[in-house]
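Enquirer: here's my sequence, what's the structure:
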Amino acid sequence: MDSVKSQIGKAISIGAPAYNAGDIDECARVYKETALNISELLPKGLKKGLDDCIQTEFSNSNEEAWAFRKQFDGIMDYEIPFTPNESEASKYTLEPFTDRMIPSMPVVVNDNVMGGISKGGWDAESKTFTGNTSLANNGGFSSIRWRMNNIQNWSYAKGIYLKVKHSNPEEHTFRLILKDTTCEQVRLSNFKNVFCNPEDNQDDTILLPFESFNQMEQMGRPFENSPPFNRGAVTELGLMAIKPTVVGGFELKILDWGLYV
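Expert: Now for the predicted structure:
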């Protein structure tokens, strides 16, 4: 992905000035050439979107340039997910979440807050997060958030573990969301990390270390000079399905989760 993002960055550094100077044909040409070069380096989900764009017959260069730029922006936002690592998990003690640690029912927060139309919900009995993400109105995410009844001190733990089964394991990735007391002072801020189970193996454990939650975000963008996540002052836990890897229907079943120590 480092090579892919480097090539995209170079393409934009050439294409955007060309576009602004009125040479839209050159911008579209550079973007398509770059798309052809990086397609085989992408994960399956991102590759499909870019390949569809490559094969599209656009009515003009302006439409073509913006279509590739939209694909590039999505690829630049892509983060390599945490995946199951059973040999590493065997080194730790797993402590499942209880109702005292997190409430039984979460709050749904979708892109509707920004005009989107995505949908999502939680079935407590089956512990399943389902929904549909839509790109309409610049949307593209659905999330559920467990607000803690009391501030949680998880400073004794290394991180959070997950055992999951989900839709389209080769393409879909999801985000784990955390908030601490510092986030409560900064509007629409949180910490996130990406995970998935590409083999869809229900017995394997995903480990997300607290130390990897080292960059606070505000509305999905890095919040400069923020402190790392404070595991001793946890206020919220959440799950998110978001573009570009989840577009359309999705399902994420939590088979087991909690802290690992």
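Enquirer: looking at whichever strand or helix holds residue 95 now, give me its mean pLDDT.
Expert: Secondary structure assignment for residue 95, by DSSP states H and E: strand 94-96. If you average the pLDDT over strand 94-96, you get 97.
Enquirer: quick check: buried residues in it?
Expert: By 16 or more other C-beta atoms under 10 Å, the buried positions in strand 94-96 come out as residue 94. (Each C-beta comes from the backbone N, C-alpha and C, glycine too.)
Enquirer: what residue is smack in the middle of this protein?
Expert: residue 175 (4.5 Å; C-alpha atoms, centre = their mean).
Enquirer: and residue 99, how many neighbours does it have?
Expert: Residues lying near residue 99 (other C-beta atoms under 10 Å) number 8.
Enquirer: please report the distance of it from residue 127.
Expert: 13 Å (C-beta to C-beta, to the nearest Å).
Enquirer: kindly report the same for residue 183.
Expert: Residue 183 is 25 Å from residue 127, by C-beta to C-beta.
Enquirer: and the longest helix seen in the chain, which residues are buried?
Expert: For the chain, the helix reaching the highest residue count under DSSP state H is reported as helix 2-20. Neighbour counts over helix 2-20 (16+ other C-beta under 10 Å) mark 4, 7-8, 11-12, 15, 18-19 as buried.
Enquirer: swap in stretch 129-144?
Expert: 129-135, 139-144.
Enquirer: now, which of the residues you listed lie within strands?
Expert: Judged by DSSP state E, strands contain the following of those: 129-133, 141-144.
Enquirer: just the closest of those to residue 39, please.
Expert: Set against residue 39, the nearest of those by C-beta to C-beta is residue 133 (23.2 Å).
Enquirer: the closest one contacts residue 248, doesn't it?
Expert: Yes - counting by C-beta atoms under 8 Å, residue 133 touches residue 248, with 6.7 Å between them.
Enquirer: of residue 183 and residue 127, who's got more company?
Expert: More crowded of residue 183 and residue 127, by other C-beta under 10 Å: residue 183, with 25 against 14.
Enquirer: in the sheet, who's paired with the closest residue to that one other than its chain neighbours?
Expert: With C-beta to C-beta, 6 or more residues apart in numbering as the measure, residue 189 is the residue that lies nearest to residue 183, at 4.6 Å, once sequence neighbours are left out. For residue 189, the beta-bridge partners are residue 218 (DSSP bridges).
Enquirer: residue 189 contacts residue 220, doesn't it?
Expert: No - in this structure residue 189 lies outside contact range of residue 220 using C-beta under 8 Å: 10.1 Å.
Enquirer: between those two, which is the more surrounded one?
Expert: Remark: of residue 189 and residue 220, residue 189 carries more neighbours, 18 against 11, as counted by other C-beta under 10 Å.
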